[in-house]
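> Below is the sequence, then the predicted model.
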Amino acid sequence: MEESEVRKVFQRVLQAAGLPSFRLDDLRHTFASLLLSSRTPLLDVSQQLGHDEPTPTLRYYAHWIPREGQSFVSLLEGDPAETW
């Protein structure tokens, strides 16, 4: 199917289901955002999106990766044997 036809069918399905109109690309963004916010590894999400490298995934979705304010520098203060 042509891309334009897929978009038209998608909009008709949304309308028939009583859902608000949105773009097909919005589904892709939601998919990536949900995966990253649930701590799915960046490389796995990047592969699912079809990116050859993780750079585009990181560029667009880094803000969805949970950080929790953890200071990774503090890991260096402990016994190295305990981190392995």
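Looks like it came in fine.
> just for this structure, where's the confidence low?
When residues are selected by pLDDT under 70, those of the chain lie in 69-84.
> Let me see the ranges of the strands in it.
If you assign secondary structure with DSSP state E, the chain ends up with no strands.
> And the helices in it, which stretches?
3-16, 24-37, 42-49, 55-61, 80-83 (DSSP state H).
> In CSV, list the ones you listed along with mean neighbour count and distance to R67.
Where you see a C-beta, it was placed from the backbone N, CA and C, and this is true even at glycine. Formatted as CSV, the entries for the helices of the chain read as follows, by neighbours: other C-beta atoms under 10 Å; distance: least, C-beta to C-beta, whole Å:
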stretch, mean neighbour count, distance to R67
helix 3-16, 11, 34
helix 24-37, 14, 11
helix 42-49, 16, 13
helix 55-61, 15, 13
helix 80-83, 7, 20
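> can you list these in JSON lines and add distance to E68?
Formatted as JSON lines, the entries for the helices of the chain read as follows, by distance: least, C-beta to C-beta, whole Å:
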{"stretch": "helix 3-16", "distance to E68": "36"}
{"stretch": "helix 24-37", "distance to E68": "12"}
{"stretch": "helix 42-49", "distance to E68": "16"}
{"stretch": "helix 55-61", "distance to E68": "17"}
{"stretch": "helix 80-83", "distance to E68": "19"}
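> so what's P20 up against?
P20 makes contact with L14 under the criterion C-beta atoms under 8 Å, 6 or more residues apart in numbering.
> any idea how far it is from Q11?
11 Å (C-beta to C-beta, to the nearest Å).
> Need phi/psi at I65.
Torsion angles at I65 (phi, psi; degrees, to the nearest 10) stand at phi -80, psi 120.
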